[in-house]
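Trainee: Below: sequence and its predicted model.
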Amino acid sequence: MKQSDKTTSTNLKVHLIVLSGDAEFIQEHIAILTGSAEVTATQLVEKAIIRFREMFRLVRNTPKNSVLCFGCKDLEVQRYQFVLKSYLLLGRAKRRFLIDEQGKKIEFGFPGYFFLDVPRFVVELFASALVIVVVYIRLLLLRSTLSEKKTRE
């Protein structure tokens, strides 16, 4: 049993979807991290993640006994992490994570996604909507005061 576990870890297939950065460099990090020699990379532009059908097809075509990961230049400034994690949720791969050129890795886990990322995203949406409403009201008030000044003159 232990012998077959060792062979499956070395024969592990990795599907890397690179959004930004050096794909070969990220491939080397993943090969070292997973111990796999078979890393398939797909280079995309960041704007491609809004094409749901294409991304869904890419993510779902990853076999179940493999690794699915998104690579980027720097995870600290990656603004679409929630969207990428949502795509990882749809994937069928055994292991899923985000990785950057520096080797920083964010593992995908269901509890972390549902109990940390989703509530954080909802709070961000609420805060953004609140800012938009406040700015809109202030602009309306400013407009009305400016129009009153013009009518007095």
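Mentor: Good, I have the coordinates. Treat the numbers as computed from the prediction; the structure is a model and nothing was measured.
Trainee: residues contacting residue 94?
Mentor: By C-beta atoms under 8 Å, 6 or more residues apart in numbering, residue 94 lies in contact with 64-67. All C-beta atoms are positioned from the backbone trio N, CA, C, and that covers glycine.
Trainee: Kindly indicate which of these lies nearest residue 23.
Mentor: residue 67 (15.7 Å; C-beta to C-beta).
Trainee: domains of the protein?
Mentor: According to automatic domain parsing, the chain comprises the domains 2-108, 110-153.
Trainee: could these go into TSV alongside mean pLDDT?
Mentor: Shown next, in TSV, are the domains of the chain (pLDDT from 0 to 100):
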stretch	mean pLDDT
domain 2-108	86
domain 110-153	92
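Trainee: most tightly surrounded among those?
Mentor: Mean neighbours per residue, mean count of other C-beta atoms under 10 Å, is largest over these for domain 2-108, with a mean of 16.
Trainee: now the longest helix anywhere in the chain, how far from the centre of its chain.
Mentor: What stands out as the longest helix in the chain, according to DSSP state H, is helix 118-152. In terms of C-alpha atoms, centre = their mean, to the nearest Å, the centre of helix 118-152 is set 30 Å apart from its chain centre.
Trainee: Right, I'll call it a day here.
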